[in-house]
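Engineer: based on what follows, work out the 3D shape:
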Amino acid sequence: MSHYEQRLEQDAQALRSGVAKVGKWVSENVADAVRALTTNDKVLANRTILRDRAVNRQIDDLDHLCHVFVIRHLPSAGHLRLVSSVLRVNVALERIGDYAVTACRELLQLSAPLPEGVAADIAILGDQAGAALRNAVEAFVTGDLSKAAQAEGMAKQVDPTFLKTYRDLTQAGDRDERQTRDLFSTLLAARVIKRVADQAENLCEQTQFQVTGEGKGHKTYRILFFDERGALLSRMAQSFAEEAYPDTGRFRSAGYAPADHFDPGLLAFLQQRGVHVEGAPVALAKALDVPKHYHVIVGIGAKASNHIKDIPFRTVTLTWDLGTALQEAERVPETERYSALYRAVADHVTALMETLGVESHR
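Structural biologist: Numbers count the residues shown, from 1 in each chain. The predicted structure is shown next:
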């Protein structure tokens, strides 16, 4: 290895070491913030807030190292990806440090210690988010894609824990056990701890980019359409979405009181369009029993909260009123009825996908 190559690798290792150092400090601050919150240790909270200043200085130093690396080496290919990803990771770590500070500041506003159940929830939340962060930092520093995948899996465990924390906190509020200010402060503290896991996922994405050069790519949306019977409009929405957006969405349909079979007229209409539908409408409860949450749940003539007990925190729910379209379809000849309904459904699906920034493939 030439002298230049040795210097190049030495400077690249300095960047990785810088990420490891900042990641360690930030992880410790997150752990201390959680410990302070769950034990009502305001001395530890103040100390954690002050330590964030040292973290910010180290982040500035690492940012400077990245710019020096570019000026000194004019990197390309893998080394350029390294610098680019370190800069992004640096931003994520700074945000995580801010989350720890926010949690501590909210603790200082509390008038009383957390309820025992809520404290236990936040302790678990902190353990899960902290583990995801530590593994994500190690994966990035070592370029270990399998560890990055493991860290992403850890990060996804945080959502149900946060939802339980939210429920326990609202129940405490319903029992008038907490002041309103305390409820809001605790919820915000729990929220920023959850965000630690979200940023850990971002670190994992940067690991993939650093190692393979592959970015995140276009997002694939998971969307569920449902109505009462699941036999006509929701299935029509699924069919149009699958036809128009085959590579950018995963679509399902269901009914909260599902019919035994699909509408015969719908089946004939779809068959004319080259779509063959088998089976019967799916019950809403069964459609919801999936490992990953839906990004969007659309109730056609139905409100999601009236039929779904626990809507995932990351899921957006919409209600579409197609009553006018149904009435107009009744006034046209039977041969045109399904075409009219299809156009109305297609307009709503298209508007939704445009809002999501997705272009039709038709």
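Engineer: let me know the secondary structure of the residue nearest the centre of the chain.
Structural biologist: Among the residues of the chain, the one closest to the centroid is R314, at 6.1 Å (CA atoms, centre = their mean). Assigned state for R314: coil (three-state reduction, DSSP: H, G, I helix; E, B strand; the rest coil).
Engineer: list the contacts of it.
Structural biologist: D159, H293, H295 (CB atoms under 8 Å, 6 or more residues apart in numbering). (C-beta placed from N, C-alpha, C; glycine too.)
Engineer: could you measure from it over to L288?
Structural biologist: Using CB to CB, to the nearest Å, R314 is found at 14 Å from L288.
Engineer: for the protein, which helix is longest?
Structural biologist: Ranked by number of residues, the top helix in the chain under DSSP state H is helix 3-39.
Engineer: what packs against the helix or strand just after that helix?
Structural biologist: Later in the chain than helix 3-39, the nearest helix or strand by DSSP states H and E is helix 42-73. On a contact count with 3 or more CB pairs under 8 Å, 6 or more residues apart in numbering; DSSP states H and E, helix 42-73 meets helix 3-39, helix 77-109.
Engineer: format those helices as a markdown table; extra columns: distance to A280.
Structural biologist: Below are the helices and strands packed on helix 42-73 laid out as a markdown table (distance: least, CB to CB, whole Å):
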| stretch | distance to A280 |
| --- | --- |
| helix 3-39 | 48 |
| helix 77-109 | 46 |
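Engineer: buried residues in stretch 10-30?
Structural biologist: In terms of neighbour count (16 or more other CB atoms under 10 Å), stretch 10-30 has its buried residues at 11-12, 15-16, 18-19, 21-23, 25-30.
Engineer: cool, and stretch 94-103?
Structural biologist: Neighbour count says stretch 94-103 has E94, R95, I96, G97, D98, Y99, A100, V101, T102, A103 buried, by 16+ other CB under 10 Å.
Engineer: tell me the mean pLDDT over the longest helix of the chain?
Structural biologist: For helix 3-39, mean pLDDT rounds to 94.
Engineer: just the angle between that helix and helix 77-109, please?
Structural biologist: Counting by axes from the mean of the first three to the mean of the last three CA atoms, to 10 degrees, helix 3-39 lies at 20 degrees to helix 77-109.
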